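Participant: Show me how the following folds:
(one chain, ligands or ions: 1)
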Amino acid sequence: MACDFIELANKGVQGLQPYQPGKPVEELERELGISNIVKLASNENPLGPSPKALAAIEKVLPELTRYPDGAGFRLRSAIAEQLGVAANQVTLGNGSNDVLELIARAYLTGHSASLYSQHAFAVYPIVTQAIGAQHIVVPAKNWGHDLEAMAAAITEKTRVIFIANPNNPTGTWLTETEVRAFLDQVPERIIVVLDEAYTEYVSEAEFPNGITLLNDYPNLVVTRTFSKAYGLAGLRVGYSVSNPQVADILNRIRQPFNVNMMAQEAAIAALADTDYLRKGVELNQQGMAYLESEFKRLGLSYIPSVGNFVCVDVGRPAGPVDQALLHEGVIVRPVGAYQMPNHLRISIGTMAENQRFIEALEKVLG
Ligand SMILES: *Cc1c(COP(=O)(O)O)cnc(C)c1O
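Facilitator: Residues are numbered from 1 along each chain as shown. Next comes the predicted model:
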């Protein structure tokens, strides 16, 4: 081989670290030869998919020789109706990560920069660097976004700002007053992405609904997903809501069939299954309360979270603790790559799964 194909790649791409997904259950079973594994690593819905979503998938199976609806007409209409926006404001993605990438590709270049917080969601650096743009990373405050510092960090080159509310992995959140005060300071030429992947779980009165901010801020793009509270992570479907011009631009670079037929049908069904959503949110509240009280009992500090996950400080490097938990058959997520070397992120599971985790943690920490 005469060429170094790493060297030939775009500079930004060469510098990328691949996203580390949670270890699949089957892989750990093979590696350790154990069964009955509990996975609390990827903020998935522990209920399993909505039966209505499963029925919708089954119904569409005979149609799979056809291409899906490239415009996603029915799903976009259903989303628009539920949110009270126009369908031409909705852009569908192969997961909301796909939409985050579309935004980066549409609005960033090698000569501009994105801006986001320390400890923010790992996909923001990936989509930025993949197109060779620069990033401005603003130190966090109490593990959360420091919006005042972020506003002060805006430069001539800033084109896109990513804000996760609540943030993954920290679970921290911003009030409507804070978000509005920030948006008031951002020049309109800068796209602000409000990533609301966990919004369905949040019940705090001061928590904003990004959709209601769209009328006041034409540069705002709100992203949401069916992967978390709607329980369809494996199908890959998410979306953004924005002003129609931004949606038009994203639509121009979107792969025409980026959301498959099963995903479109399941998402329409899941959107209407309010019972499923409510059950998941209640289970999450119970699980969160349980984990918080157990962390207190064990004398462990944790970052208060409004998502379906929580970061706990294990008081020592978390890598070995994670490894020991794997040997107990419990998969959680070390967050060293987020500059949080002593924390583990635990996704809230069923009560039985949460208890399994606490038993394993107590054993591992001695
Ligand atoms: C999980 C997550 C997403 C969405 O992922 P998709 O499965 O691609 O929709 C987006 N943002 C944050 C902060 C997340 O944690």
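
Participant: Please name the residues that touch whichever residue of the chain sits closest to the ligand.
Facilitator: Relative to the ligand, the nearest point of the chain is G95 (2.6 Å; C-beta to the nearest ligand atom). In short, each C-beta sits where N, CA and C put it, glycine included. Contacts here follow C-beta atoms under 8 Å, 6 or more residues apart in numbering; on that basis G95 touches 225, 227, 236-238.

Participant: For those, which two are the farthest from each other?
Facilitator: Based on C-beta to C-beta, the longest span within the contacts of G95 runs between T225 and R236 and measures 9.3 Å.

Participant: Of these two, which one has the most company?
Facilitator: Per other C-beta atoms under 10 Å, whichever of T225 and R236 has more neighbours is T225, with 26 against 19.

Participant: What sits closest to that one if chain neighbours are left out?
Facilitator: Closest residue to T225 apart from its sequence neighbours, by C-beta to C-beta, 6 or more residues apart in numbering: G238 at 3.7 Å.

Participant: What about the contacts of G95, which are in strands?
Facilitator: Mapping those onto strands (DSSP state E) picks out 225, 238.

Participant: before we move on, the earlier item: tell me how many other residues crowd the residue nearest to T225.
Facilitator: Residues lying near G238 (other C-beta under 10 Å) number 27.

Participant: what secondary structure does the closest residue to G72 other than its chain neighbours sit in?
Facilitator: Nearest residue to G72, sequence neighbours excluded (C-beta to C-beta, 6+ apart): L92, at 4.4 Å. Three-state assignment for L92 (DSSP: H, G, I helix; E, B strand; the rest coil): strand.

Participant: and L92, what are its bridge partners?
Facilitator: On the basis of DSSP bridges, L92 is bridged to Y239.

Participant: Quick one: residues contacting the residue nearest to T225.
Facilitator: Residues in contact with G238, defined by C-beta under 8 Å, 6+ apart, are 92-99, 197, 223-227.

Participant: Kindly report the same for Y19.
Facilitator: Contact analysis of Y19 by C-beta under 8 Å, 6+ apart lists 122-123, 126.

Participant: repeat that for 7 Å
Facilitator: The contact partners of Y19, by C-beta atoms under 7 Å, 6 or more residues apart in numbering, come to 122, 126.

Participant: show me where pLDDT drops low in this protein?
Facilitator: Regions of the chain meeting the criterion pLDDT under 70 are absent.
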